[in-house]
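1. Next one to model:
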Amino acid sequence: MPIPFETLIPYGIIIAMFGVTGAGLNKIKNMQSGGKRHRWSIDQWDRQMMDRDRRLTGYLRGQTDNPIAPPGFELNNPWRVEKRMS
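-> This is a model prediction of the structure:
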């Protein structure tokens, strides 16, 4: 007994929405990485260097070849220190 094609329309819509969602998430991650591919298995060193790059360039994955840091970077310390007791 054949299945009417109307019963398969919801499954087609669901599969299409999964595809649209996956493509949208991929595009957002690509835009957040400055046009580079998403990184996997990031360890502490990679996080530290990516944070440094973000502070230097404004982008998480941005890199610069300028040997001189931008103005204000000398005070842009990522380390959080406790307040001094007086």
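
2. Please enumerate the helices of the chain.
-> If you assign secondary structure with DSSP state H, the helices in the chain sit at 9-32, 44-57.

3. From Tyr59, how far off is Ile68?
-> Between Ile68 and Tyr59 the distance, using Cβ to Cβ, to the nearest Å, works out to 19 Å. The way it works is simple: take the backbone N, C-alpha and C, and place the C-beta from them, glycine included.

4. Between these two, which has more neighbouring residues?
-> Taking Ile68 and Tyr59 together and counting by other Cβ atoms under 10 Å, Tyr59 has the greater number of neighbours (16 against 7).

5. What number of residues are in the vicinity of the closest residue to that one other than its chain neighbours?
-> Using Cβ to Cβ, 6 or more residues apart in numbering and skipping residues adjacent in sequence, the residue nearest Tyr59 is Gly34, 4.5 Å away. Applying other Cβ under 10 Å, we find 14 other residues in the vicinity of Gly34.

6. what sits against Gly34?
-> Gly34 is in contact with Tyr59, Leu60, Arg61, Gly62, counting by Cβ atoms under 8 Å, 6 or more residues apart in numbering.
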